[in-house]
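Participant: sharing a sequence plus its predicted fold:
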Amino acid sequence: MNFDRAREHMVEEQIEARGIRDARVLAAMRRVPRHLFVMAALQVQAYDDTPLPIGAEQTISQPYMVALMSELLELKGPERVLEIGTGCGYQAAILAELASEVFSIERVAELWRRARECLDRLGYGARIHLRCAEGSNGWPEAQPFDAIMVTAAVRRIPRPLLEQLRDGGSLVLPLGDADLQGLARIRKQGKELDVKYFGECRFVKLIGPYGWEE
């Protein structure tokens, strides 16, 4: 299979055709080899318009959703970004193409180890810091962050993440119930929050005080 051709087709037909316009996001989606972040048996499906299982009852998000969430952060290059829910590491790699430094938290040790190995192999080790921990409390000692992305569904906005977000920064996350959420972008302006929704989505649940307890 020609993965380079499949990746280009993914960007043209699934991402550009659906309205993603940020040239830096499109370039990142063209550069990062998505097939290396999925299990070998599923690599032929890596550029399909669908999420895929990555083990531990988790998934790698649909390519369009990765691009949309990345675009909503409006990254310019010098930012420090926090990601909650590393999964296989693909979204972290995209963020590393768009920002100067990425801090990413994954609660499942198996996924954390595999993501670390893959990201290091692809040369992202210096720019992506990984932690194996429950994510809703964020990464306090590395704050403040210019942008935060949560790749698991929450019932309410985690207060620790808002506290770690720099004034003027954006938080993108799926907000709603267990079956269906709205993709929300929260912009922080002092004590005010500007919340906008960008369509429906469906993510696995965030486990923790701001998601769903086990």
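Facilitator: Done, it's in. Here the structure is a predicted model, which means the values were calculated and not measured.
Participant: which secondary structure element contains Val66?
Facilitator: Here Val66 sits within helix 63-72, counting by DSSP states H and E.
Participant: packing partners of that helix?
Facilitator: Contact here means 3 or more C-beta pairs under 8 Å, 6 or more residues apart in numbering; DSSP states H and E; on that basis helix 63-72 packs against helix 23-31, helix 90-98, strand 165-176, strand 181-189, strand 192-201. Any C-beta I mention is one placed from the backbone N, CA and C, and that applies to glycine too.
Participant: got a list of what the closest residue to Pro53 other than its chain neighbours touches?
Facilitator: Nearest residue to Pro53, sequence neighbours excluded (C-beta to C-beta, 6 or more residues apart in numbering): Thr59, at 5.7 Å. With contact taken as C-beta atoms under 8 Å, 6 or more residues apart in numbering, Thr59 is in contact with Pro51, Leu52, Pro53, Gly87, Val204.
Participant: now that we have these, which of them are buried?
Facilitator: Among the contacts of Thr59, those classed as buried by 16 or more other C-beta atoms under 10 Å are Pro51, Leu52, Gly87, Val204.
Participant: phi first, then psi, for the first one.
Facilitator: In terms of degrees, to the nearest 10, the main-chain angles of Pro51 are phi -70, psi 160.
Participant: do I have it right that it meets Gln62?
Facilitator: Yes. Between Pro51 and Gln62 there is a contact under C-beta atoms under 8 Å: 5.0 Å.
Participant: that older thread, contacts made by the helix holding Val66 with the rest, please.
Facilitator: Contacts for helix 63-72 (C-beta under 8 Å, 6+ apart): 10, 14-15, 18, 20-22, 25-26, 28-29, 34, 47, 49, 51, 61, 90-91, 94-95, 98, 149, 151, 170, 172, 183, 185, 198, 201.
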